[in-house]
Every structure is written in C-alpha cells, then in structure tokens.
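Asker: The following comprises the amino acid sequence and a computationally predicted model.
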Amino acid sequence: MSTSVATKRRTVLESLGIQHRTEQGPYAAPYRNVVTDDVYDELCAALFSGFPRRDQRLKAEQYLRGLLTAQGRKSIRNIAAQIGGAAAEQSLHHFISSSTWDWRPMRSALAGVLERNSCPQAWVVRSMPIPKAGEHSVGVDRRFDPERGQVVQGQQAFGVWFAAEELSVPVNWRLFLPDPWVKDRTRRDRADVPEGAGEETLEECAVAAALDTARWRGVIRKPLLIDLRGGAVRPALNRLGAARMPVIARIGASCRLSVVDRAMPGFGAGPLPAQQILESLKGLRRPVGWLDTAAPTRTSRTSLATGVRVALPAPPGERMRPLLLLGEWDDPQQPVSRLWLTDLTGSTVGTLLRLTKLTRRVERDFTQVGEGAGLRDFVGRSFRGWHRHITLASAAHAATVLATDWDAVYRSGRSAG
C-alpha cells in the first residue's frame, strides 16, 4: 500500500471513530461506533442460543463486546478491563480456556448467518501465521518462511473464509500441530490437545479445514480457493474430489501436467511444467475484466488470461481426472503471473479468473478488520482456549463487516482526497 493511500484510508477510518491498525501500532482499538446494537444482538442470538446456561451466554456476549471495544491487544485481560477488572478476568479466562463448551456449533451458526446475509460466492482457505516469542503456546515451532526467506517462530493456522465481492468472514479454523506437539505426550497434555489430532502436512491441514466445513449440516458448498504451491497437488485434489468439493487451486510453475486437448500445443508430449504449457499458449490469451475489491476504491481492472484442458499424471491403469489449467498475466511481456488448476471445467476462463480475485477481498478484510478483531491475539497456551477465542474473534469480524459499508468508507476516502 502506498503512503498516500494508507494515509487517506487512515484519515477516513479515524473520522468514523475507527483507529487504523498499522505495522508500527499493531493493537489499536478497531471498530468503536461502527457495530450497531441490531447487528450485535442478531449475532448473539444466532451464535449463543446453543449455550444451555444463561451465565455462559452472558460471558459469550461480554467477550464479543470486549473484542469489539477493548483497547490494545485483544487479550483476556484487556477484554475484562471493559467489563469489570480482575474478577471478570478470572471468569472470562475460565470461560475461554477451561470450560467445556464446544466451539463447532457456533462456527456452523456463523456460517448460516453469512449465507443468509451475504451470499458467499466461494470459500477461501487462507494461511495465518501467528508470531510468538515464547515456546509454550500450543503449536508453536520454528520453521522456514519462504515468503520472508527466514526462520520464524510462531503458530500456523488455516482459516476457511466465506467470500463475496462485498465482504468476507472466516467461519472455520484448523491449527497446524508440528511433530513435536503431536509426538510429545507432555506437551499434548499440558496444552490439552485432543487425542484425534495427529500428524499432517501444512497442505493436509488446509484441506482438512475445508473438508470439515463441508460436513456441516445445511452448508451450501461453493468453489474452494486454496493455495497448493508448496505441497503435493495430486493427493490434495484427490481428497477434495472424493468429497465432491469443487476446487480452484493455485499451483506452482513447476507443477507437471499433461495436455489432453488434441488441438493444443503439448498434446502427446507427456507431463510438462505448467508454466511451459501456458507460455506455449500466449497467442490464445484474451483480456478479462474484473473488479478489484482490494483497492482503496472499487476499481475495474483487466488481465490477460487463457485456459487449457489438462490432467495430473496418474499411475498406470488409473483414469486421469479432467482439469483446466488457468493462467493469468499482469504484464503481457513477462512470464505468467498466477497459475490455477480447477475441476470446474465447464466454467469460462473469465468466470474462473474473477472467482480467484476473491482471495484479494479476503486479504483486505483480514488486514482491515480481522487483525483488529483479535484473530491473532490469543495469549493462552491451550488448544481448546485458542479455538474458543478465535471463534469469538471471527464473530467480532463478522459483526464489523456486516454492519459497515466499507465501500462507502473508501468512496468517502476518495472524495476526501
């Protein structure tokens, strides 16, 4: 984000009573005077009606209100400071970290609210790294971050976001557990890690989050956008295909595919790198218009794109699954910018490309809303406490985006400039 755009956006948000979260001040109070009582009450009724006891419902309502109003980091201490100090802190700590309530029905109810209010066009699986200085929070480990090019310490989670052009909200989460947390009985017991949590790769964790969401009763499945550039593409697509989950997967340039369209270059040449296949099809690129909802104002943009029917290499005797390789170029003189693989072979290139742009909506909403709602702010150590906090933080995110016309905010910012 340019300095001028960032300054303009901050000015507009602050004029509405919202303090903008920045790299330099990552825990500014986010949404004061934005979430209306009507939206808050509707969410509380939908999400907390499953609690058998009134005191549990009250604590959930207090925690959600605290996430929306607390100054600084959305820790239990700061949330409790909004409603009663030390006594409230002890009560809320027990409610989040030591109570027995199940967070999964609340997530399913949140998905229902989103389907009624925003008509999601796709599900987006987004990776969320959570930096940690200590070693005791559940799932903390040191790992190499290829985007930063350095070793980082922290947790790694995957969120399933219901996304439309107007807004996006995380409805489900899965916390990745590195081997030390899976195999070390002392660590598991200390963090109260469930017995069913076992070994998996990052890609398997991301896929599992989506499949878990797809099993919810009454949920309407939408195309799944998922990033598989770092892992085994074929096993992930097989798992999603077996569950009849439509998928648009971002892949790396070196992913090897076989062209199955007889009329296209590369047919009969065997498995080829995806980038090589697309570069041979440059003459077939066509302009595709799309709406950039990640820009400071809703902006129409155009990319060059093309698609070709392909298949992943399969063992002898196994039928190859029909897929479409989609390529997008930001600059016609440069190599392909993004590569996607999908089983939605009946959709047009334009339709598919516009769906992929929902990942940009998720990125904007995570930065502008989710960070301030406390998605990365849980400071406890327990597995169950992390899940309960992030479920309520997702509800705070939902309360904000459902109550705020963000496009009007950005339009105001443009007028102010």
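Answerer: Yes, it's here.

Asker: Phe158 - that's part of a helix, no?
Answerer: No: counting by DSSP: H, G, I helix; E, B strand; the rest coil, one finds Phe158 to be strand, located in no helix.

Asker: Val35 contacts Ala399, correct?
Answerer: Yes: contact criterion C-beta atoms under 8 Å: Val35 and Ala399 qualify, at 4.8 Å. From N, CA and C alone the C-beta is placed, and that goes for glycine too.

Asker: Show me what counts as buried in stretch 344-362.
Answerer: For stretch 344-362, the neighbour count (16 or more other C-beta atoms under 10 Å) marks 344, 347, 349-350, 352-362 as buried.

Asker: Send me that stretch as CSV with only the CA atoms.
Answerer: What follows is stretch 344-362, C-alpha atoms only, in CSV (Å, rounded to 0.1, in the frame of the first residue of the first chain):
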residue,chain,number,x,y,z
LEU,A,344,-14.7,-26.6,-12.9
THR,A,345,-14.1,-27.5,-16.5
GLY,A,346,-17.5,-26.2,-17.7
SER,A,347,-16.8,-22.7,-16.5
THR,A,348,-15.4,-19.9,-18.7
VAL,A,349,-11.9,-18.5,-18.2
GLY,A,350,-13.5,-15.1,-17.3
THR,A,351,-15.7,-16.6,-14.6
LEU,A,352,-12.9,-18.6,-13.0
LEU,A,353,-10.5,-15.7,-13.0
ARG,A,354,-13.0,-13.4,-11.4
LEU,A,355,-13.5,-16.0,-8.7
THR,A,356,-9.8,-16.2,-7.9
LYS,A,357,-9.9,-12.4,-7.2
LEU,A,358,-11.9,-13.2,-4.0
THR,A,359,-8.6,-14.0,-2.4
ARG,A,360,-7.8,-10.3,-2.6
ARG,A,361,-11.0,-9.5,-0.8
VAL,A,362,-10.0,-11.9,2.0
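
Asker: going forward can the numbers begin at 12, since that is how I track them
Answerer: OK, 12 is where the count begins now, so the last one is stretch 355-373.

Asker: For it, give the mean pLDDT please.
Answerer: Here stretch 355-373 scores 97 as its mean pLDDT.

Asker: from the middle of its chain, how far away would it be?
Answerer: Distance, stretch centre to chain centre, for stretch 355-373: 16 Å (C-alpha atoms, centre = their mean, to the nearest Å).

Asker: Please work out how many residues are found near His408.
Answerer: 30 (other C-beta atoms under 10 Å).

Asker: and it, what are its phi and psi?
Answerer: Phi and psi for His408, reported as degrees, to the nearest 10, are phi -60, psi -50.

Asker: nearest spatial neighbour of it, skipping sequence neighbours?
Answerer: Ala384 (4.2 Å; C-beta to C-beta, 6 or more residues apart in numbering).

Asker: which one of the buried residues of stretch 355-373 sits closest to Gly170?
Answerer: Val373 (8.6 Å; C-beta to C-beta).
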